[in-house]
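Asks: How does the following fold in three dimensions:
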Amino acid sequence: MAPAKSFDWNDLRYFLAAARTLSLAGAARMLGVEHSTVGRRLTSLETALGARLMLRKPDGLALTTLGEQVLLAAHQVELAANTVADVAASAQERVRLAVPSGFSLFFTAPLDRLRASKPPIALDIVSGARKVDLAQGEADLAVRGGPVDDADLVACPLCSVGWSLYASPVYLAKRPANASATDLDGHDVIGFAQQLADTPNARWLDSRCGQARVVLRGSEVVDIAAAAAEGAGVALLPCYLGDRAASLVRLTAEVLVKRELVLVYRREMRLSAAVKLVIDVTRETFEEAREKLAGHASPVFASLTQRQRELLELLAQGRDNAQIAATLSLSDKTVRNHVSRILTQLEVENRSQAIVKARDAGFGFRGG
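Replies: This next block holds a predicted model:
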């Protein structure tokens, strides 16, 4: 035979099937082809290698000594090919979605739908304020604040996110809000890091900090919220994050800043079925959460003054009138009057009903 030359890797599939069945007909059935095709591919492989791998006998096929050695190597090639296929399949079924801080919580419910898809989809959430580089493959999709002026990206509108001011009861006990909650003069304020200076929320806050003390700055809203909850100062937070924090009090029912969110991906990206499904799930998820993300305060919340919110918080902790009076530096009579007004405004008969109604409306409590 001629010296070995480059061969068709696909011929190894036919060789493996023939070696496993030791017949052309058996290999043909295994591969779903004609037996003549199997014979032709075996001959092609042997010609390329310059050596006989199988003996054709009346009762079937038999491996030569070289054929037995090549069979071991062919098994390894098959395993490697299967590994390559598994890696490719895994990459197709794993979708990376970048979202701003605090948004991961919205994707708990949709996970069942992704897991139930065929094949199942694993969603990798990349959370943070840093803008991921889609061109460098840091994520497949990204949720960002709009507008997006990059011509290389496709932008799909999602919803509007409302922002408002928050502080902890501990901080407010030391430094109550001014007559206007948006007046930050004299307050300790938690600001935004330099890389966020051009965002609408950072610009709004900076414009009102002339007579305030910026005690620290953060780049992640979850960290800013945590600092505010510990009493560091007043923070401007997305309402979906601030309203659900039991240790924060919203200072005004007004939505002070609105940011439009969009879902973006690279224009030249070939959308796999998995990516298309995650796009659909993301849009549906934000549509379902539209009202919560908009940040409109509940009627229960809007009807309460800051003092009444503080008092309701203490009621939820099981404090009696004397304890509330001592904590808020009020007389017992003033506390009784406040409690009476709260019951009237919430249209309930007793303190327990007031707490339940406020909680059902989304008012956060630290305890009780």
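Asks: correct me, but Asp185 touches Ala177?
Replies: No. Using C-beta atoms under 8 Å, Asp185 is not in contact with Ala177, being 11.0 Å away. Placement of C-beta: from N, CA and C, glycine included.
Asks: When the two are compared, which one has more neighbours?
Replies: Ala177 (21 against 11; other C-beta atoms under 10 Å).
Asks: give me phi/psi at that one?
Replies: For Ala177, the backbone dihedrals are phi -60, psi 150 (criterion: degrees, to the nearest 10).
Asks: okay but it is in contact with Gly233, surely?
Replies: No. Contact between Ala177 and Gly233 fails when scored by C-beta under 8 Å: they sit 11.9 Å apart.
Asks: So for the protein, which residue is the most central one in space?
Replies: In the chain, the centroid-proximal residue (C-alpha atoms, centre = their mean) is Ser104; its distance is 3.5 Å.
Asks: Without its sequence neighbours, what residue ends up closest to Ile190?
Replies: Nearest non-adjacent residue to Ile190, counting by C-beta to C-beta, 6 or more residues apart in numbering: Ala235, 4.3 Å away.
Asks: do the same with Ala167
Replies: Closest to Ala167 by C-beta to C-beta, 6+ apart is Val234, at 4.7 Å.
Asks: quick one: the one you found and Glu310, what's the gap?
Replies: 15 Å (C-beta to C-beta, to the nearest Å).
Asks: Between these two, which is the more surrounded one?
Replies: Higher neighbour count among Val234 and Glu310: Val234, with 25 against 20, using other C-beta under 10 Å.
Asks: wait, the more buried one sits on Asp185?
Replies: No. Judged on C-beta under 8 Å, Val234 makes no contact with Asp185 at a distance of 11.2 Å.
Asks: any residues in contact with both of these two?
Replies: Shared contacts of Val234 and Asp185, defined by C-beta atoms under 8 Å, 6 or more residues apart in numbering, comprise Ala212.
Asks: After the lowest-mean-pLDDT helix or strand in the chain, which helix or strand is next?
Replies: The weakest-scoring helix or strand in the chain, judged by mean pLDDT, DSSP states H and E, is helix 299-302 (a mean of 56). As assigned by DSSP states H and E, the chain's next helix or strand after helix 299-302 is helix 306-316.
Asks: If anything else comes up later, I'll come back, but that's it for now.
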